[in-house]
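Asks: only geometry, no sequence info:
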């Protein structure tokens with residue numbers, strides 16, 4: 001398979017994941033979604049979300065990637081207040097809140113919080 005064919009397959013898979021996230025949101029499975037993808041898909045994603053009347057926020061994630069948050073307004077309002085830096089730089093508390101909004105397993109979020117908080121405390125000791 002050529003590089004171009006692989007890229008086309010990757011693009012198709014990325015867009016299928018996005019469309020599945022949109023479907024789950026519309027069916028009430030999720031209240032908010034975080035989708036990370038190549039920045040070249042931004043226009044497709046924006047058009048699709050606008051067509052479905054879904055509120056969204058797009059933030060740069062890396063050199064060639066973006067984070068697309070979409071879902072309920074109340075959840076996105078929290079994102080606007082908390083996520084003003086790269087996700088890797090969130091405090092343990094901010095990270096916990098984002099994970100909870102995304103519907104991640106709460107016990108796993110608690111473990112993650114404790115680990116991040118302990119690392120943070122060691123750095124300041």
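Replies: Received it, and whenever you're ready, just let me know what you need. Owing to the predicted nature of the structure, the values given are computational and were not obtained by experimental measurement. Residues are numbered from 1 along each chain as shown.

Asks: The lengthiest helix in the chain - contacts with which helices or strands?
Replies: Determined from DSSP state H, the single longest helix within the chain is helix 3-26. Packing contacts for helix 3-26, counted by 3 or more C-beta pairs under 8 Å, 6 or more residues apart in numbering; DSSP states H and E, involve strand 32-38, helix 42-51, strand 65-71. Where you see a C-beta, it was placed from the backbone N, CA and C, and this is true even at glycine.

Asks: can you give me the angle it makes with strand 32-38?
Replies: Between helix 3-26 and strand 32-38, the angle comes out at 170 degrees (axes from the mean of the first three to the mean of the last three C-alpha atoms, to 10 degrees).

Asks: Buried ones in helix 3-26, by neighbour count?
Replies: 14, 18, 21, 22, 25 (16 or more other C-beta atoms under 10 Å).

Asks: so what's the closest residue to residue 54 other than its chain neighbours bridging to?
Replies: Nearest non-adjacent residue to residue 54, counting by C-beta to C-beta, 6 or more residues apart in numbering: residue 70, 5.2 Å away. On the basis of DSSP bridges, residue 70 is bridged to residue 33, residue 56.

Asks: and residue 70, how far is that from residue 102?
Replies: 11 Å (C-beta to C-beta, to the nearest Å).

Asks: One more: residue 84?
Replies: 18 Å.

Asks: Confirm that residue 40 lies within a strand, as I assumed.
Replies: No - Residue 40 is assigned helix when assessed by DSSP: H, G, I helix; E, B strand; the rest coil, not a strand.

Asks: Just give me the neighbour total for it.
Replies: 12 (other C-beta atoms under 10 Å).

Asks: Over to residue 1?
Replies: For residue 1, using other C-beta under 10 Å, the count is 7.
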